[in-house]
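Engineer: Got a predicted structure plus its sequence, pasted below:
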Amino acid sequence: MNLALDHAWLIAALPAAASLLIQLMPSRAERWAGPLAVGAGALAALLALLAALAVAGGATAAGSLRWAPAADGVIALGYRIDGLAAALIAMVAPVSAVIQLFAIGYMAHDPRQARFFGFTTLFSAAMLTAVIADNLLLLFIAWEVMGLCSYLLIGFWYERDGAAMRPAPREAAIKAFLITRVGDVLFLLGIALLWHETGSLHFGTAPGQLFAPEALAHLAATPALPGIPAASLAALLLFAGTVGKSAQFPLHVWLPDAMAGPTPVSALIHAATMVAAGVFLVARTYPIFAASSILPWVAAIGALTAVGAALVALVQTDLKRVLAYSTISQLGFMVAALGIGAWGAAIFHLITHACFKALLFLGAGAIIHAMEQAVGHDGPTQDIRAMGGLRRHMPLTFVTYLLGAAALAGLPPLAGFWSKDEIVAHALTHGAWGVAAALLAASLLTAAYLTRQVWLVFFGSFRGGATVPHDATGAMRLPLVLLAAAAVLVGGINLPWQHGLSDLIGAEVGAFHPGIAALATLVALAGGGLGWALRGIATDADLAQPNARGALALLAQGYRLDMLYRRSFGAAIDVAMNLRRWVDRAIIGRLIALVGTTAGLVGRITASIDDIVLQGGADLAGRGVDELGGEVRRSATGRIQDALALVVGGVVLFAVAAVTLLRP
């Protein structure tokens, strides 16, 4: 008997219950919203870590609830804690709890704290539910709840307009919601296809489950479209969900603008929830991808995204947008790893990345919080060109941020070195030369943009005015220390001589290759040198303005994909409006005219019928009634014999009618 596994459902239920309680709090008790969120998150984290240890020891947990009838039985919603789920909940729950703790200090003066913590705890609960779900339906429900929470949290400061923050939070929230819905609709179609072909949505290899050998063979052999097996189409539709949720090209454009939300929200989205869900989806359904033919396309999308986003990050001047494009790039690493068969390495990098990316975003939050005190809320609080010299004024933030940046750059012996090296090594040792070259280039650029950012933020002299920022205080300090320790140590879960993670999730994360590790380190160091050389790039003018031109402007504007999408969307609307006008004129108008003509004809026919048939029938009926009345009057003689004859005649007529009408 294991207490954590026996009550594993509480891992998701605790933050969900906290969210409900926080939303129901009276206004006078709102100051307890943050502590309640942290307390629930800490308990969930403790249960998650204990459950992961139990699963590592060979135990498992599962449970289900019959939810709805189906054609062949019932649809049951349940949970399962296997190796993959255990690895993810052991990351999601603790990182979420640490971010909630930081948010107590960051949001201390916000008047809507209960609303904020109610949404963030629900966000965490949804991600944990998706991870422990034992079927695609429950995973999708949790997936959609995350989408709703991201909308509510990105637009949390909905009253702020585009003058104070670009883009305006409400616009960024709508953009994120709509773009991710594109992938979600295709994901739902993939679920429907799998249900149609296999009759099951439950994860598992037992007969009748989604990954049973006979189910996978059926998917691979059955054409869903001419020339396209069901396995390939289903994998493609599922991957569309990942492209939207994990911000891969071409649906990545929502994530940089999502920085309009409070910084703890950015940390949740980029580290513990939301974008991690897309990578997890592919890993969870990997048997379907392995049975398909789309993995090379998955690798290509990931590699392209990794390089393209890293190039854009190199010229950004907004502190959080640099990190946003960094996340897109690192997710590209994971997706590329999934595409070349290194799904274990992808999960390893997902876990390490969550730790140091949460650290970087919370460090950015500490910087922004301090800049607001120095330059005002409407000042350049996120512009790295207005910073500088912060290592002297914010020493704790500087040291922890530097550790996070070094881990992200892949410098040994920090966490990112071990996980990123495994992906590159797998690509090189399995002949994926194009993917390997792209990921090495992305590694070079990663070190470059981080060096540039760290230099502009922490070195030189402060460029924001006479009032200098102060370091993180109160509840914001401990999370930075905890996550910095994780950025250093979490790579130890899968060292070359101790494959703890690979044993837990049942996938070979990869062997250690000293030569490849040395190459990756040299690439990171070269990237640092490149970043130093380019530290002043794109700092003289606002290249993000639509009228800016040149290669740097193209990068600063994200290859102008936003502009392309807006114009394409506008053109599509114009086409739709022209089509509507044509339909209105050529079809609807003619139909209305035809209906009018027909109605006139029917009216004339009806009038004729009324005159000839109905009016004549009414006259005839009137005369008949008069004659019948006369006969009745004549029969009313007062004699009992005549009365009895009328009663008997009526009963006979009623009996004949009843028998006729009731005859089967």
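Structural biologist: Yep, it's here.
Engineer: The closest residue to Ala247 other than its chain neighbours and Ala93: what is the separation?
Structural biologist: Nearest residue to Ala247 in three dimensions, chain neighbours excluded: Leu255, at 4.0 Å (C-beta to C-beta, 6 or more residues apart in numbering). C-beta coordinates here come from the backbone N, C-alpha and C atoms, glycine included. As judged by C-beta to C-beta, to the nearest Å, Leu255 and Ala93 stand 23 Å apart.
Engineer: Now for the residue nearest to Ala247, how many residues are close by?
Structural biologist: Residues near Leu255, counting by other C-beta atoms under 10 Å, number 28.
Engineer: what's near enough to touch it?
Structural biologist: Shown in contact with Leu255 (C-beta atoms under 8 Å, 6 or more residues apart in numbering): Ala176, Ala247, Ile269, Val275, Ala324, Thr327, Ile328.
Engineer: mind running it again at 7 Å?
Structural biologist: Applying C-beta atoms under 7 Å, 6 or more residues apart in numbering to Leu255 gives the contacts Ala247, Ala324, Thr327, Ile328.
Engineer: Need the max-distance pair from those residues.
Structural biologist: Across the contacts of Leu255, no pair lies farther apart than Ala247 and Ala324, at 8.6 Å, counting by C-beta to C-beta.
Engineer: Please identify which of these two sits among more neighbours.
Structural biologist: Ranked by neighbour count (other C-beta under 10 Å), Ala247 and Ala324 place Ala247 first, with 32 against 26.
Engineer: roughly how far out does the helix or strand encompassing the residue nearest to Ala247 sit from the chain middle?
Structural biologist: For Leu255, the host element (DSSP states H and E) is helix 254-257. Relative to its chain's centre, helix 254-257 lies at 13 Å (C-alpha atoms, centre = their mean, to the nearest Å).
Engineer: Please save the CA atoms from that helix in PDB.
Structural biologist: What follows is helix 254-257 as a C-alpha-only set of coordinates in PDB (Å, rounded to 0.1, in the frame of the first residue of the first chain):
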ATOM      1  CA  TRP A 254       0.700  33.800 -30.300                       C
ATOM      2  CA  LEU A 255       3.400  33.100 -27.700                       C
ATOM      3  CA  PRO A 256       5.600  36.300 -27.900                       C
ATOM      4  CA  ASP A 257       2.500  38.400 -27.500                       C
END
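Engineer: what about the strands in the stretch 151-300 of the chain?
Structural biologist: Under the criterion DSSP state E, counting those that start in this stretch, the stretch 151-300 of the chain contains strands at 223-225, 228-229.
Engineer: mind listing what the shortest one pairs with, with the direction of each?
Structural biologist: Strands adjacent to strand 228-229 in the sheet, as given by DSSP bridges, are strand 223-225 (antiparallel).
Engineer: what sits up against the partner strand?
Structural biologist: Contact with strand 223-225 is made by Leu193, Pro229, Ala230, Leu233, as judged by C-beta under 7 Å, 6+ apart.
Engineer: Just the ones of the residues you listed in helices?
Structural biologist: Using DSSP state H, the subset of the contacts of strand 223-225 located in helices is Leu193, Ala230, Leu233.
Engineer: Ala432: which of these is nearest?
Structural biologist: Closest to Ala432, out of all of those and judged by C-beta to C-beta, is Leu233, at 24.2 Å.
Engineer: Which residues are in contact with the closest one?
Structural biologist: Here Leu233 is in contact with Leu193, Ala224, Leu225 (C-beta under 7 Å, 6+ apart).
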